[in-house]
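Peer 1: Here is a sequence with its predicted model. Questions after.
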Amino acid sequence: MFKIRLLDETLNKIRISHDLTREQRWELSKLVTEAKAKQAADDEHFLYRVRGAVGRWKIVKLSKKD
């Protein structure tokens, strides 16, 4: 993957991601929306991100760096 960044300017914008089914995309989208809502409602300055292997995602609470 690091070699992609070394390519010509027109090709170094290529990104690699998982090939998800429709149900997996829907589940991931739902979790990302939930994580954004948790972060917006949080007064303790934490970040909420979706992490994990494909199909086994979970929302993780991370501390913000100042």
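Peer 2: Alright, I've got the coordinates.
Peer 1: what secondary structure does the residue nearest to the spatial centre of the chain sit in?
Peer 2: For the chain, the residue nearest the mean C-alpha position is Val50 (5.7 Å; CA atoms, centre = their mean). Three-state call for Val50 (DSSP: H, G, I helix; E, B strand; the rest coil): strand.
Peer 1: Could you report the distance from the closest residue to it other than its chain neighbours to Lys38?
Peer 2: Using CB to CB, 6 or more residues apart in numbering and skipping residues adjacent in sequence, the residue nearest Val50 is Leu31, 4.7 Å away. C-beta coordinates here come from the backbone N, C-alpha and C atoms, glycine included. Distance, Leu31 to Lys38, using CB to CB, to the nearest Å: 10 Å.
Peer 1: and those two? which has more neighbours close in?
Peer 2: Neighbour count, other CB atoms under 10 Å: between Leu31 and Lys38, Leu31 has more, with 18 against 14.
Peer 1: Trp57 is in contact with the more buried one, correct?
Peer 2: Yes: counting by CB atoms under 8 Å, Trp57 is a contact partner of Leu31 at 5.5 Å.
Peer 1: circling back: report the contact partners of the residue nearest to the centre of the chain.
Peer 2: Taking CB atoms under 8 Å, 6 or more residues apart in numbering, we find Val50 in contact with Leu28, Leu31, Val32, Ala35, Trp57, Lys58, Ile59, Val60.
Peer 1: try it again with 7 Å
Peer 2: By CB atoms under 7 Å, 6 or more residues apart in numbering, the contact set of Val50 is Leu28, Leu31, Val32, Ala35, Trp57, Ile59.
Peer 1: Listing request: residues of the chain with sub-threshold pLDDT.
Peer 2: Residue ranges of the chain with pLDDT under 70: 1, 66.
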